[in-house]
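Undergrad: Let's see this in three dimensions:
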Amino acid sequence: MDLSFVTGLFVGCLAGIAGKYLLQNLIVKRQNVEDNKNIRLEWEQLGKDYPHFISQIKKDMNNPEHQNIREFFVVDPLAILNTQIPRLRYDLTDEVLCVVDRLEHLGYIEKIKTNCLLYKMKDDFIALIRAI
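TA: Numbering: from 1, shown residues only. A predicted model of the protein is given here:
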């Protein structure tokens, strides 16, 4: 084998790997920008559709007593709750269920596996609520 052939083969392989890596990063960045834009638009639409619940959760999260609370219940107004962990509580209505389902779909909250409607708020959701 000739030295120039081996050198060309090696340089060609490196160029191919570098090109694929750069192209992959470009595609992933573009998809992330589009996904973030769609999530932001859905969040704005959620705020327009359900301003009462969004303002209520914002008020609760900005309360200094609730600074470290990351979970909330959605329960019947007459239900009695007794938990060791401090949690927020919202009344069980059709509007609240719709908002919670959409928030879960957007990835801002996740349902905790229990026999009731208990949700955990993610940190980016809390930051978003406090930034409003």
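Undergrad: Domain-wise, how is this protein divided?
TA: 1-38, 50-131 (automatic domain parsing).
Undergrad: Buried deepest among those, which one?
TA: Comparing the domains of the chain by mean neighbour count (mean count of other C-beta atoms under 10 Å), domain 50-131 comes out on top with a mean of 14. The way it works is simple: take the backbone N, C-alpha and C, and place the C-beta from them, glycine included.
Undergrad: Output the below-cut-off pLDDT ranges for the protein.
TA: Within the chain, the stretches with pLDDT under 70 are 1.
Undergrad: Packing partners of the longest helix belonging to it?
TA: Ranked by residue count under DSSP state H, the longest helix found in the chain is helix 3-49. If you count contacts as 3 or more C-beta pairs under 8 Å, 6 or more residues apart in numbering; DSSP states H and E, helix 3-49 packs onto helix 94-106.
Undergrad: now the helix it packs on, how far from the centre of its chain.
TA: 13 Å (C-alpha atoms, centre = their mean, to the nearest Å).
Undergrad: What lies in contact with it?
TA: 39, 42-43, 46, 50, 52-54, 74, 90, 109-111, 117, 119, 125 (C-beta atoms under 8 Å, 6 or more residues apart in numbering).
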